[in-house]
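> sequence first, predicted coordinates after that:
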Amino acid sequence: MTTGSLPIESVGDPPPWERRRLAVRVKPAALRQIRKGHPWLFDGSITSITEGGRAGDLAVIFDERRSFAAIGLFDPLSPIRVRILHQGNPEVIGPKWLADTLDVSLRRRHELLARPDTTALRIVHGENDRLGGLVADLYSSHLVIKVYSEAWLPWLETVAETFREVLGKNLESITARFGRSVRARGGEAVSLVGQPPETFVVLENGLQLEVDVRRGHKTGLFLDQRRNRELIGSHSRGQTVLDVFSSTGGFALHAAAGGASAVTAVDISRPALDQARRVMALNGLPTDPPEFTTVAGDAFEALADMSGERRRFGVVVVDPPSMASRRTQLVGALDAYRSLAKLAAAVTEDGGLLYLASCTARVSPEDFHRVSHEGLELADAHASVVAETAHDLDHPVGFPEGRYLKGLLLQVGR
């Protein structure tokens with residue numbers, strides 16, 4: 001079934017759901033959070049745990065009366081020591097539970113799965129679908145599983161087989177990819193079922209996108225902005241549009257398809273911009289200046305240069321990567337968002353639209369809104385809120401940290 005090798009041994013003997021369960025006792029504050037549905041138990045909240053546990057073992061959390069409180073997957077190398085799968089009444093965790101959970105996830109996404117104009121979507125959104133540390137994205141008939149915790153490695157082939165059963169026989173390939181903490185132990189993309197093409201085409205809102213599920217960012221595409229890309233496209237007719245941190249040009253593509261008079265895409269990666277040009281051609285849209293222009297370089301510097309040249313755009317999109325993976329980086333992230341808002345406002349026409357986005361989970365919506373407006377003030381501009389945006393429905397939010405994507409569509413005035 002598997003082509004290549006997993007970072008650590010993937011098959012337990014016996015399988016992980018038949019191993020000895022670990023007994024875990026926790027601090028009262030942690031127990032309260034678990035009972036509220038929070039999916040993470042950190043190592044510092046554990047007061048006692050059975051010795052000798054391995055990654056992927058089932059860990060049973062007991063309350064102060066030694067009664068069942070929750071069950072999750074044990075990860076001895078992560079600060080998130082247990083990823084909660086279920087809390088409340090006792091539950092048997094194994095292949096049937098996994099199949100039932102995946103079935104619930106698919107039913108939550110029925111509306112998207114039924115759309116003929118969209119064939120790329122997330123079908124498991126980690127903790128928000130009760131499968132903490134595991135993401136699964138479906139690209140037409142090809143599935144990509146992204147693993148963010150070593151706790152899932154002993155389960156991975158069972159997960160793949162369960163997906164095959166739940167999704168049906170039309171699934172051509174299943175590829176596993178690994179987050180940084182897992183990838184550091186060796187291993188990149190691994191084919192679990194079949195082999196995906198090097199690149200292939202999927203649909204988003206009726207537009208064709210090129211995807212590389214083995215080497216592309218995340219699992220191949222950034223799927224969480226789908227609805228917001230459509231929103232920008234609906235406001236782009238007759239406008240000059242600037243797409244900053246464009247990556248492979250999702251916003252630029254929707255703007256051009258929406259009737260923009262000219263689109264400029266800015267990204268640090270020349271290969272990503274080359275792919276954006278290929279996608280434009282794939283959809284029969286202009287690929288050369290003045291209708292489509294690419295700028296390879298630092299986004300902050302590009303915005304400053306455009307401001308110095310007194311260039312202005314009718315619609316400006318700023319969708320940077322995450323700015324803070326640790327709490328100590330939070331102040332720097334807020335400063336960066338403030339600076340981006342200032343620079344972007346300076347190149348937005350009076351009365352034009354500015355879309356600012358943040359995918360930094362550690363930045364709250366309130367702080368993001370505050371620094372965005374502060375940035376506009378530094379640019380001697382003001383704004384009215386046209387729309388506040390978040391994830392599309394295949395990225396549900398099940399706990400506070402799950403709401404990582406924030407967006408503001410602003411009409412800028414001076």
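Perfect, I can see it now. Computed from a predicted model, the values in this text were never measured in an experiment.
> which of the residues in stretch 208-228 are buried?
By neighbour count on 16 or more other CB atoms under 10 Å, the buried set for stretch 208-228 is 209-214, 216, 219-228. C-beta here means a position set from N, CA and C on the backbone, and glycine is covered the same way.
> among those, which are in helices?
Secondary structure assignment by DSSP state H places 226-228 of the buried residues of stretch 208-228 in helices.
> residue contacts, the residue nearest to the spatial centre of the chain?
By CA atoms, centre = their mean, the mean C-alpha position of the chain lies nearest to Asp224, the distance being 5.9 Å. Shown here is Asp224, whose contacts under the criterion CB atoms under 8 Å, 6 or more residues apart in numbering are 122, 359, 391-392, 395, 405.
> and it, how far is that from Ala361?
Distance, Asp224 to Ala361, by CB to CB, to the nearest Å: 12 Å.
> check Val24 too.
When distance is defined by CB to CB, Val24 is 25 Å away from Ala361.
> in the helix or strand hosting Leu340, what's buried?
With secondary structure defined by DSSP states H and E, Leu340 is part of helix 330-346. Within helix 330-346, the residues that qualify as buried are 330, 333-334, 336-346, counting by 16+ other CB under 10 Å.
> which parts of the stretch 251-400 of the chain are helices?
Taking DSSP state H, counting those that start in this stretch as the criterion, the stretch 251-400 of the chain contains helices spanning 270-282, 299-308, 330-346, 365-378.
> now the ones you listed in TSV, with mean pLDDT and distance to Gly352?
As requested, those are exported to TSV (pLDDT from 0 to 100; distance: least, CB to CB, whole Å):
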stretch	mean pLDDT	distance to Gly352
helix 270-282	97	22
helix 299-308	98	14
helix 330-346	97	10
helix 365-378	97	12
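> adding distance to Glu291, write those out as CSV.
Formatted as CSV, the entries for these read as follows, by distance: least, CB to CB, whole Å:
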stretch, distance to Glu291
helix 270-282, 9
helix 299-308, 18
helix 330-346, 22
helix 365-378, 29
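> my guess is Gly413 contacts Ala381. True?
Yes. In this structure, Gly413 sits in contact with Ala381. The criterion is CB atoms under 8 Å, and the distance is 6.8 Å.
> okay, the two: which has more neighbours?
Taking other CB atoms under 10 Å, Gly413 and Ala381 do not tie; Ala381 has more neighbours (21 against 13).
> contacts only, for the more buried one.
Taking CB under 8 Å, 6+ apart as the criterion, Ala381 is in contact with 345-346, 348, 412-414.
> try 7 Å this time
Residues near Ala381 by CB atoms under 7 Å, 6 or more residues apart in numbering: 345, 412-414.
> which ones among those residues map onto helices?
Ala345.
> from the contacts of Ala381, which two are the most distant?
Of all pairs drawn from the contacts of Ala381, the one with the longest distance (CB to CB) is Ala345 and Gly413, at 10.0 Å.
> what about Glu165, is that helix, strand or coil?
helix (DSSP: H, G, I helix; E, B strand; the rest coil).
> isn't it right up against Ala99?
Yes. Shown here, Glu165 and Ala99 form a contact pair, counting by CB atoms under 7 Å, at 6.5 Å.
> need the contact list for the closest residue to Thr389 other than its chain neighbours.
Spatial nearest neighbour of Thr389, excluding adjacent residues (CB to CB, 6 or more residues apart in numbering): Gly407 at 3.5 Å. Contacts here follow CB under 7 Å, 6+ apart; on that basis Gly407 touches 228, 355-357, 388-390.
> for the helix holding Leu340, name the packing helices and strands.
Applying 3 or more CB pairs under 7 Å, 6 or more residues apart in numbering; DSSP states H and E, one finds that helix 330-346 makes contact with helix 299-308, strand 313-318, strand 348-358, helix 365-378.
> hang on, the earlier thing: neighbour-wise, which of Val24 and Ala361 wins?
A count of neighbours by other CB under 10 Å puts Val24 above the other of Val24 and Ala361, at 25 against 16.
> check contacts around the nearest residue to Glu127 once chain neighbours are set aside.
Taking CB to CB, 6+ apart, and ignoring the residues beside it in sequence, Glu127 has Pro39 as its nearest neighbour in space, at 4.0 Å. Neighbouring residues of Pro39 by CB under 7 Å, 6+ apart: 83-84, 127, 132, 399.
> mind giving me the PyMOL command for buried ones among those?
A single PyMOL command selects the buried members of the contacts of Pro39 (16+ other CB under 10 Å):
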select buried, resi 83+84+127+132+399
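> tabulate the contacts of Pro39 (a markdown table), appending secondary structure, pLDDT and distance to Phe178.
As requested, these are arranged in a markdown table below (DSSP: H, G, I helix; E, B strand; the rest coil; pLDDT from 0 to 100; distance: CB to CB, whole Å):
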| residue | secondary structure | pLDDT | distance to Phe178 |
| --- | --- | --- | --- |
| Arg83 | strand | 98 | 16 |
| Ile84 | strand | 98 | 21 |
| Glu127 | helix | 97 | 17 |
| Gly132 | coil | 96 | 15 |
| Phe399 | coil | 89 | 23 |
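> so which of the contacts of Pro39 is the closest to Thr287?
Within these, distances to Thr287 taken as CB to CB reach their minimum at Glu127, with 40.3 Å.
> I figured that closest one hits Phe399, correct?
Yes. Counting by CB under 7 Å, Glu127 touches Phe399, with 6.2 Å between them.
> quick one: the helix or strand of the chain with the lowest mean pLDDT to chain centroid distance?
None of the helices or strands of the chain scores lower by mean pLDDT, DSSP states H and E than helix 180-183, at a mean of 82. Between the centre of helix 180-183 and the centre of its host chain there is 16 Å, according to CA atoms, centre = their mean, to the nearest Å.
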